[in-house]
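J.: The sequence and its predicted three-dimensional model are supplied below.
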Amino acid sequence: MSDFKTETFEAGQFICKVGDQAKHLYFLQQGTVELVSASGDAFAVIPEGQSFGEAAFLNGGIRAASIRAKTDVVCKVIGNDQARDLLTSYSPYLVVIMEGLLLQQAMANVIKFNT
């Protein structure tokens with residue numbers, strides 16, 4: 001777990017914004033974060049114990065929503081290269097599977113939000 005670092009964010013602070021390059025995967029240890037649309041509306045909450053930032057697994061991944069700390073937050077964070085290396089150390093197929101699942105999820109979200 002030496003690849004993980006701890007980062008803290010204050011309530012109201014943006015962790016990442018729509019359109020940012022996806023370079024980190026976050027594991028929410030304490031607090032809650034909210035997903036914020038490009039128009040500034042919060043549309044979902046991620047509770048303690050969950051992860052966010054999975055687009056970091058995609059080559060050239062771009063953030064589809066902004067993430068804002070709803071409360072004070074503590075996260076374990078891993079860079080995209082380190083996360084890929086970690087998965088590959090278990091099986092070279094895990095990165096390919098993860099990319100496929102994330103692309104499928106992204107397509108489902110586009111269909112859901114545009115119909």
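T.: Perfect, thanks for sending it.

J.: from here on, contacts and neighbour counts on C-alpha atoms
T.: OK.

J.: show me the contacts for the closest residue to residue 57 other than its chain neighbours.
T.: Nearest residue to residue 57 in three dimensions, chain neighbours excluded: residue 80, at 6.0 Å (CA to CA, 6 or more residues apart in numbering). Residues in contact with residue 80 (CA atoms under 8 Å, 6 or more residues apart in numbering) are 22-25, 56-57.

J.: next one: residue 24
T.: Counting by CA under 8 Å, 6+ apart, residue 24 makes contact with 53, 56, 77-80.

J.: in the sheet, who's paired with it?
T.: residue 79 (DSSP bridges).

J.: The one 4 residues further on now?
T.: Each beta-bridge partner of residue 28 is listed here, defined by DSSP bridges: residue 75.

J.: quick one: contacts for it?
T.: If a contact means CA under 8 Å, 6+ apart, then residue 28 has 47-52, 73-76 as its contacts.

J.: For the spatially most central residue of the chain, grab phi and psi.
T.: The residue lying closest to the centre of the chain (CA atoms, centre = their mean) is residue 53, at 0.8 Å. Phi and psi for residue 53, reported as degrees, to the nearest 10, are phi 90, psi 20.

J.: What about the closest residue to it other than its chain neighbours, how many residues nearby?
T.: Once flanking residues are discounted, residue 53 sits nearest to residue 25: 4.7 Å by CA to CA, 6+ apart. By the criterion of other CA atoms under 10 Å, residue 25 has 22 neighbours.

J.: What are the boundaries of the strands in the protein?
T.: In the chain, the strands defined using DSSP state E lie at 5-9, 14-16, 24-30, 33-36, 42-46, 51-52, 66-69, 73-79.

J.: ok now the last one, how far from the chain's centre?
T.: Pointing back at strand 73-79 there. From the chain centre to the centre of strand 73-79 is a distance of 10 Å (CA atoms, centre = their mean, to the nearest Å).
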